[in-house]
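Student: have a look; sequence and predicted model below, questions after that.
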Amino acid sequence: MKDPTITIEEAKKLLKEYKDNLSRRIERDISLGDYLRTVKVIYEVLGFDIRGELKDLYRRYADGRDCGMMELPLDDVIAFKKWLSSESSCGGHPFEVVRGGLITYGIHLYPPEGGRYVLSPGDYYEEFYRVVKEFLRRKIPFKSPELVNVLKVLTGLAEVKVNEINDFPKMIVLYEDVRNKRKIKWEEIEEVEYRREKFKKLNSNLY
């Protein structure tokens, strides 16, 4: 694992602010323009060039498979709602607003569910953390089911499997790369003990 990038105190403070922010809701349906203006906040906090029209920014930085979303008018609430319910069925691709790499997922922002945007880190935890802080600062209603796991990764508290592919964070931690090997928890192999007892029973007449 990498060295911690935030302190436990910072994580606790952010988590408290996040829980307080869950009391906020968007009380109306949104348009594509509303959605893309929120997406623009992500681009801005990550230091992307935000010159240009909203759709141009999305085309520049998002996954690209918009499932027809870019054909919608910006300010038609009904058209966006209809698209969400009937045409946005190509997975999470339209909402991967910061594209990932060949084997990684980027940051996702899903339209409001229960009055809150849904923010997902993909495999970009530090960038996601910066976005969460900015959303909280701007009091944008959102939820993020993976937030606690991201905070564990950034504080160095996440437990990972060694010499196996981990789901969260998506990486392989090799035994030789573990600096403090005293922190490794070894699994007991019950199979070895079982075979030893079986061997004793089979050869009990020899004792």
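Tutor: Received the coordinates, thanks.
Student: and Lys82, how many neighbours?
Tutor: 13 (other C-beta atoms under 10 Å). (C-beta placed from N, C-alpha, C; glycine too.)
Student: leaving out the residues flanking it, which one is nearest to the residue most central in space within the chain?
Tutor: The centroid of the chain falls nearest to Pro121 when counting by C-alpha atoms, centre = their mean (2.4 Å). With C-beta to C-beta, 6 or more residues apart in numbering as the criterion, Pro121 has its nearest non-adjacent residue at 3.5 Å, and that residue is Phe128.
Student: that neighbour is in what secondary structure piece?
Tutor: Using DSSP states H and E, Phe128 sits within helix 125-137.
Student: poorly predicted segments of the protein, please.
Tutor: For the chain, the stretches with pLDDT under 70 are 1-3, 158-207.
Student: can you name the element that comes right after the top strand by length along the chain?
Tutor: When the chain is parsed with DSSP state E, its longest strand is strand 107-113. Counting by DSSP H and E, the next helix or strand C-terminal to strand 107-113 is strand 116-120.
Student: OK, contacts around the residue nearest to Glu27 when sequence neighbours are not counted?
Tutor: Of all residues not flanking Glu27 in the chain, Gly115 sits nearest, at 6.6 Å (C-beta to C-beta, 6+ apart). Counting by C-beta atoms under 8 Å, 6 or more residues apart in numbering, Gly115 touches 25-27, 141.
Student: just flag the most distant two among these.
Tutor: Glu27 and Pro141 (9.4 Å; C-beta to C-beta).
Student: quick one: which of these two has more around it?
Tutor: The neighbour comparison of Glu27 against Pro141 (other C-beta under 10 Å) goes to Pro141, with 18 against 8.
Student: so who does the more buried one touch?
Tutor: By C-beta under 8 Å, 6+ apart, the residues touching Pro141 are 21, 24-26, 112, 115-117.
Student: for Ile42, same thing?
Tutor: Counting by C-beta under 8 Å, 6+ apart, Ile42 has contacts 97-98, 107, 109, 131.
Student: okay but the residue nearest to Pro121 is in contact with Leu119, surely?
Tutor: Yes: with contact defined as C-beta atoms under 8 Å, Phe128 reaches Leu119; the gap is 7.4 Å.
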